[in-house]
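> Predicted model, plus sequence, below.
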Amino acid sequence: MKRFLSAILLLPLVSFAQRQVAITLDDAPIMALPGYYTAAQRKATNEKLLQQITLLRTPVSIFINGAHCIIPDNQQLLKKWADNQMITLGSHTLNHPNCADLPIDSFKMEVTINDYIIKAVAKDKPVPYFRFPYNAMGKDSVAQAVRIGYLKEKGYTAVPFTVESSDYMFEQTYQEALKKKDNTKAKAIGEAYIRYTLFSFDYFEKLAREVFGRDIPQVYLCHVNQLNADYYTTLVKALQQRGYQCVSLQQAMQDKAYDTPLYDHRQYGFSWLFRWIPDAAIRKSHLRNSPEPDKELAVFKSL
């Protein structure tokens, strides 16, 4: 026994702490970009994303807009997501409106009809989560409390995010390059997206340590689109190199950080790491200095 203990003490110290990230995909089964996606492109994008998620065994939560699923082809795409064991389902309203602009009865209708459409396809698979389009929860704290209270009655947990990298903006520029068959430019945009995403993670990691004094599980918000289908594996491997383990949304939100009260109730979406800062002056300073994709994208718009 003494020899065993001595051997243990002589082993090098290893840190078992690991960063965690829950990946969430909005606008399933496809991000709406009028004029860009053909039916074949929608199918290929969904299948490619699902294939990589399955191969990499990364738990992912998707947030569904039911209006997209009225088309039979899209219903089949949604069924593939629902049948995949790595996927957790969430609601993203029927038509993706700004819910802060909706009367409460209209908001309830958006949620209820979306429930019906999702469950008609997903059958008995649970749908535990809800994300507000644009992360616009309501025009003020009172309106937000009413909407979130209704979601709780329906069995939903309203989902925040801590990191996003404006992938929808990169996606539009990416699609423009692909449409012109400029594969060199498209590749450069994809690489810029990964670079900017990692820069965003770096920023919000530092902010989390300032707010909580430690790393917290991050919730990354992105979208079902071709850019992510083409660069999902690259992104996951880059995050793993930064020490991240991909975990489920449920596991990430068990961290006590996600019980922190909100101190900012503006209707438009920005990271909950800002909303969790009690001091308004400090919060504004961080918001002013937060990552913006404009410089990355300006290069491509000028070409």
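The structure has been received and is ready for your questions. Because the structure is predicted, anything quoted here is derived from the model rather than measured.

> residue boundaries of the strands in the stretch 1-150 of the chain?
19-28, 60-64, 87-91, 129-130 (DSSP state E, counting those that start in this stretch).

> ranking those by burial, who's on top?
Using mean count of other CB atoms under 10 Å, the stretch among these with the largest mean neighbour count is strand 60-64, at a mean of 27. Bear in mind the C-beta positions are built from the backbone N, C-alpha and C, glycine included.

> and that one, how far out from the chain's middle?
Centroid displacement of strand 60-64 relative to its chain, using CA atoms, centre = their mean, to the nearest Å, is 8 Å.

> Give the pairing partners of that strand; include direction for each.
Strand 60-64 pairs in its sheet with strand 19-28 (parallel), strand 87-91 (parallel), by DSSP bridges.

> Nearest approach to Leu77 belongs to which of these?
strand 19-28 (8.3 Å; CB to CB).

> partners of the spatially most central residue of the chain in the sheet?
Compute the mean C-alpha point of the chain, and by CA atoms, centre = their mean the closest residue is Leu221, 1.9 Å away. Assessed by DSSP bridges, Leu221 has beta-bridge partners Thr24, Glu164.

> Give the full set of residues in contact with it.
Leu221 makes contact with Thr24, Asp26, Phe161, Val163, Glu164 under the criterion CB atoms under 8 Å, 6 or more residues apart in numbering.

> Could you check the pLDDT of it?
Leu221 carries a pLDDT score of 98 in this model.

> which one among the contacts of Leu221 gets closest to Leu94?
Leu94 has its nearest neighbour among those in Asp26, at 14.2 Å by CB to CB.

> show me the contacts for the closest one.
Contact partners of Asp26, counting by CB under 8 Å, 6+ apart, are Ile62, Phe63, His92, Arg131, Pro133, Leu221, Cys222, His223, Val224.

> ok, now how distant is it from Phe132?
10 Å (CB to CB, to the nearest Å).

> Distance from the chain centre to stretch 220-232, please.
Offset of stretch 220-232 from its chain centre (CA atoms, centre = their mean): 9 Å.

> Kindly export that stretch (C-alpha atoms) in CSV.
Written as CSV, here are the backbone C-alpha positions of stretch 220-232 (Å, rounded to 0.1, in the frame of the first residue of the first chain):
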residue,chain,number,x,y,z
TYR,A,220,-23.1,28.8,-28.5
LEU,A,221,-25.9,30.1,-30.8
CYS,A,222,-25.6,29.5,-34.5
HIS,A,223,-28.0,28.4,-37.3
VAL,A,224,-28.8,25.6,-39.6
ASN,A,225,-27.2,26.8,-42.8
GLN,A,226,-24.7,25.7,-45.4
LEU,A,227,-21.8,27.6,-43.9
ASN,A,228,-22.1,25.5,-40.7
ALA,A,229,-22.7,22.3,-42.7
ASP,A,230,-19.4,22.9,-44.5
TYR,A,231,-17.4,24.0,-41.4
TYR,A,232,-19.0,22.2,-38.5
